[in-house]
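Visitor: Quick one, fold the following:
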Amino acid sequence: MTTLIVWPGTFVDDFSDNKPDGWKRVGGTWKIKDGGYHGVEPGGVEGAVLIGDPKWGPDYSIEVKVWNAEGAWLAIHVRWMDIDNHYDWWIDLANKQGDLYIKKGAYAQKTVDNIPLDIKKEFSIKLVVEGFTLSGYFNGKQINTWQDKEKSFKTGVIGLFVWQGEAIFDDIVIEGENVPGNLAVNARNKLTDTWGRIRRGLAMP
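Guide: Model prediction:
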């Protein structure tokens with residue numbers, strides 16, 4: 001693995017070294033497969049992996065490429081405090097919808113919008129949190145936004161998630177003031193593409 005300094009606040013993981021360094025599994029089965037991080041959870045529970053520090057925030061974003069998605073749901077999380085407290089950008093695979101949720105003990109759906117999803121094709125999803133406003137993106141286009149007027153969570157770690165399904169996640173870009181500014185990739189593989197994505201601003205809202 002080669003570690004390169006990019007700029008403060010940007011962290012990228014494309015799993016080129018075939019190791020999920022720094023990721024913590026809290027549910028489901030996860031392994032490196034076909035150059036990405038493959039998650040499987042057949043049951044109706046959180047099949048999640050997390051990365052980061054509970055002090056990450058308050059404002060940051062996560063963008064991720066997804067393919068080989070099957071089943072019911074997948075999601076990305078921000079400001080994850082614990083398994084019962086976090087914000088989420090859910091992709092409803094069966095109904096081709098993108099939904100913003102909050103979980104405070106129980107899940108509460110805050111938005112529901114149609115997305116041009118074709119699960120046979122690769123797609124990208126992104127979740128941005130600024131203050132207490134969340135914005136969900138699909139293939140670079142903003143789909144919805146919601147403001148948490150109760151100001152539930154100020155900081156927290158970031159996560160990937162599958163629920164009654166599976167998917168491969170790759171080319172993860174996390175940006176935020178308190179996010180470590182390092183790029184950890186295998187220089188022989190995806191470095192050029194990853195640099196290109198950053199320089200073209202694909203990780204920006």
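
Visitor: CA atoms for contacts and neighbours, from now on please.
Guide: Noted.

Visitor: Can you show me the helices along this structure?
Guide: Applying DSSP state H to the chain gives helices spanning 191-199.

Visitor: residue closest to the middle of it?
Guide: Ile76 (3.8 Å; CA atoms, centre = their mean).

Visitor: Just to check, that one is in contact with Trp89?
Guide: Yes - look at Ile76 against Trp89 with CA atoms under 8 Å: they come within range, at 5.5 Å.

Visitor: residues shared between the contacts of those two?
Guide: Common contact partners of Ile76 and Trp89 (CA atoms under 8 Å, 6 or more residues apart in numbering): Lys126, Leu127.

Visitor: burial of the closest residue to Ser135 other than its chain neighbours, as a residue count?
Guide: Spatially, and ignoring its direct neighbours in sequence, Ser135 is nearest to Thr145 (4.3 Å; CA to CA, 6 or more residues apart in numbering). When neighbours are counted by other CA atoms under 10 Å, Thr145 registers 17.

Visitor: got it, and Ile174?
Guide: Neighbours of Ile174 using other CA under 10 Å come to 25.

Visitor: Tell me which residues touch it, please.
Guide: Counting by CA under 8 Å, 6+ apart, Ile174 touches Gly9, Thr10, Phe11, Val12, Tyr60, Ser61, Ile62, Glu63, Ala203.

Visitor: Just name the closest of the residues you listed to Val26, please.
Guide: Ile62 (18.7 Å; CA to CA).

Visitor: what pairs with the nearest residue to the closest one once chain neighbours are set aside across the strands?
Guide: Spatial nearest neighbour of Ile62, chain neighbours left out: Ile174 (4.5 Å); criterion: CA to CA, 6+ apart. Going by DSSP bridges, Ile174 is paired in beta bridges with Phe11, Ile62.

Visitor: Find the residue closest to the residue nearest to the centre of the chain in space, skipping its chain neighbours.
Guide: Leaving aside its chain neighbours, Ile76 sits nearest to Leu160 (4.7 Å; criterion: CA to CA, 6+ apart).

Visitor: how much space between Arg25 and Ile174?
Guide: Distance, Arg25 to Ile174, by CA to CA, to the nearest Å: 18 Å.

Visitor: OK, contacts around His38?
Guide: By CA under 8 Å, 6+ apart, the residues touching His38 are Trp30, Lys31, Ile32, Glu166, Ala167, Ile168, Phe169.

Visitor: same thing but at 10 Å, please
Guide: By CA atoms under 10 Å, 6 or more residues apart in numbering, the residues touching His38 are 29-32, 66-69, 162, 166-170.

Visitor: pLDDT weak spots in this protein?
Guide: Within the chain, the stretches with pLDDT under 70 are 1-8, 181-205.

Visitor: let's see 90
Guide: 1-12, 16-17, 21-22, 53, 55-57, 176-205 (pLDDT under 90).

Visitor: Glu70 reaches Lys121, doesn't it?
Guide: No - assessed by CA atoms under 10 Å, Glu70 is found out of contact with Lys121, at 11.5 Å.

Visitor: Comparing those two, which residue is more hemmed in?
Guide: Neighbours were counted for Glu70 and for Lys121 using other CA under 10 Å; Glu70 has more, 18 against 10.
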